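[1] I'll drop the sequence and a predicted model, then ask my questions.
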Amino acid sequence: MNANLKGVGLILGVIFLLVMLGQFLGARNTASAIEGTPAPARVERAASGSCIIGFKSSSCFELTLSVHPPQQAAFTTKLDVNIPNQWTSRVQPASWVMVVVDREDPSKVGLDLDAFELPPPTPPPESASAASAAP
């Protein structure tokens with residue numbers, strides 16, 4: 001009897017650790033403005049991603065983003081990120097989202113999912129003029 005209880009406890013412990021690992025891995029490539037410098041980014045491409053852990057309430061995307069940090073040159077990056085299903089319409093090509101650029105390592109960028117509750121960001125002036133000049 002005692003061995004059965006230990007086995008059940010071990011199984012529950014493993015399940016708990018897997019759930020916690022899933023939460024950690026599911027949140028990768030997301031960030032909050034507290035963790036870095038907020039910047040607008042244009043979604044150049046949205047495709048099916050390769051997230052390690054998925055959830056029924058979210059979809060995995062590989063996003064190609066053109067990031068426009070303040071007082072810095074724009075650059076392109078790719079992210080694999082789980083996005084809650086209620087916000088998937090916000091990551092269509094040509095749409096604008098907020099990202100967070102790591103202050104210590106500007107090559108690290110995370111999608112600011114908290115900003116999805118606000119209206120989309122306004123494109124920076126240099127990107128708006130470039131878009132209108134394109135044929």
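    Sure thing, it's come through.
[2] going forward, measure contacts between C-alpha atoms and count neighbours the same way
    Noted.
[3] remind me, longest strand of this protein?
    If you go by DSSP state E, the chain has its longest strand at strand 36-48.
[4] Outside of that one itself, list whatever touches it.
    60-70, 91-103, 121-124 (CA atoms under 8 Å, 6 or more residues apart in numbering).
[5] ditto for stretch 78-97
    Contacts of stretch 78-97 (CA under 8 Å, 6+ apart): 26-30, 40-46, 49-51, 54, 57-65, 110-113, 115-116, 120-123.
[6] so where's this protein shaky on pLDDT?
    Residue ranges of the chain with pLDDT under 70: 1-3, 5, 7-9, 12-34, 53-54, 127-135.
[7] what about 90?
    Within the chain, the stretches with pLDDT under 90 are 1-37, 48-61, 70-72, 79-84, 88, 102-110, 112-135.
[8] could you pull out the helices for it?
    Applying DSSP state H to the chain gives helices spanning 2-26, 125-133.
[9] What's the ChimeraX syntax to select whichever of the contacts of stretch 78-97 are buried?
    Burial among the contacts of stretch 78-97 is assessed by 16 or more other CA atoms under 10 Å; the matching ChimeraX selection reads:
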select :26,27,28,29,30,40,41,42,43,44,45,46,51,54,58,59,60,61,62,63,64,65,110,111,112,113,115,116,121,123
